[in-house]
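[1] can't give you the sequence, but here's the structure:
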């Protein structure tokens, strides 16, 4: 719905309100009196933050020269890795000297300050005309996108990849702490591995220009499979190395695939963008939850489960690469 609303009230306005509201709520989380309030506030924050990923892809597609879109999208995704890193390193560092409330408050203050800078720095949009919300037309647009094989594959891909990525980092800290005895602050440093995603996402655009989107997604997904298999070796070094490979691979494929959505859908791009984002987060929710139950069977069972999902994503990328020549004819609405 955030992507649809943005076409009515403006993408820039949606981005500004989304980033300010979501970051301000982080500080309110520190004041939650109990777990129920904490969960409710997190749910509201999820609604608020949705405006950024749902709008940013189509906003860039409309405002940036298409020749530069892969590189620009790569830098955007690289920015999300820096944010994800800060959102984990800051709390884990504060936890060494204070409780979780202080950790959330400090992290939220940093995020809100960045949100203010973002809201003020966003340039005015040039290619946008207000559009009325028509539920029947929106449903038809979503159905049209899912009926387009390449777009359907691009929607399933983030479901799988984000599910694998989130599942790994959901339990990686516990693996380092429980299995290898690392303290919380030291285990939290594993999120520095996000920097490998910063590099790979920023470089993805250059890789696409040189090798093509198909080869980049296939190679990235294959590296992810290798990284997961490395995690089966029980040592701190191999655990960190495997996570590094999975992280770099995930962000490279994600930045490439997200740019492909905007280039594949010739009409109803906001709906295509928001569907990609929805599948992205549904994957993190559904697979992340399922993986917790798989972990009850042991770390090896979890890794094998994630490897199967990553291999499925690899097969999707192989198919997308093999059909790249028919992309123009299969664009949504053509």
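    Cool, got the structure. None of the values given here were measured: they were computed from a predicted structure.
[2] got the contact list for residue 181?
    Shown in contact with residue 181 (CB atoms under 8 Å, 6 or more residues apart in numbering): no residues. The C-beta positions use only the backbone N, C-alpha and C, and glycine is treated the same way.
[3] could you look up the SS state of it?
    Secondary structure, DSSP: H, G, I helix; E, B strand; the rest coil: residue 181 is coil.
[4] now it: how far from residue 302?
    The gap separating residue 181 from residue 302 is 19 Å, by CB to CB, to the nearest Å.
[5] now do the helices in the stretch 201-334 of the chain.
    213-230, 236-264, 269-295, 299-322, 327-330 (DSSP state H, counting those that start in this stretch).
[6] gap between residue 239 and residue 193?
    For residue 239, the distance to residue 193 - CB to CB - is 10 Å.
[7] what's the helix or strand for the nearest residue to residue 278 once chain neighbours are set aside?
    Spatially, and ignoring its direct neighbours in sequence, residue 278 is nearest to residue 54 (7.9 Å; CB to CB, 6 or more residues apart in numbering). Assessed by DSSP states H and E, residue 54 sits inside helix 51-63.
[8] quick check: buried residues in the helix or strand following that helix?
    Downstream of helix 51-63, the first helix or strand assigned by DSSP H and E is helix 69-94. Buried residues in helix 69-94, defined by neighbour count with 16 or more other CB atoms under 10 Å: 69-78, 80-81, 84-94.
[9] check which helices and strands helix 69-94 is in contact with.
    Packing partners of helix 69-94 (3 or more CB pairs under 8 Å, 6 or more residues apart in numbering; DSSP states H and E): helix 51-63, helix 100-121, helix 184-188, helix 194-211, helix 236-264.
[10] any chance of these in JSON lines, plus distance to residue 40?
    Shown next, in JSON lines, are these (distance: least, CB to CB, whole Å):
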{"stretch": "helix 51-63", "distance to residue 40": "19"}
{"stretch": "helix 100-121", "distance to residue 40": "15"}
{"stretch": "helix 184-188", "distance to residue 40": "26"}
{"stretch": "helix 194-211", "distance to residue 40": "28"}
{"stretch": "helix 236-264", "distance to residue 40": "29"}
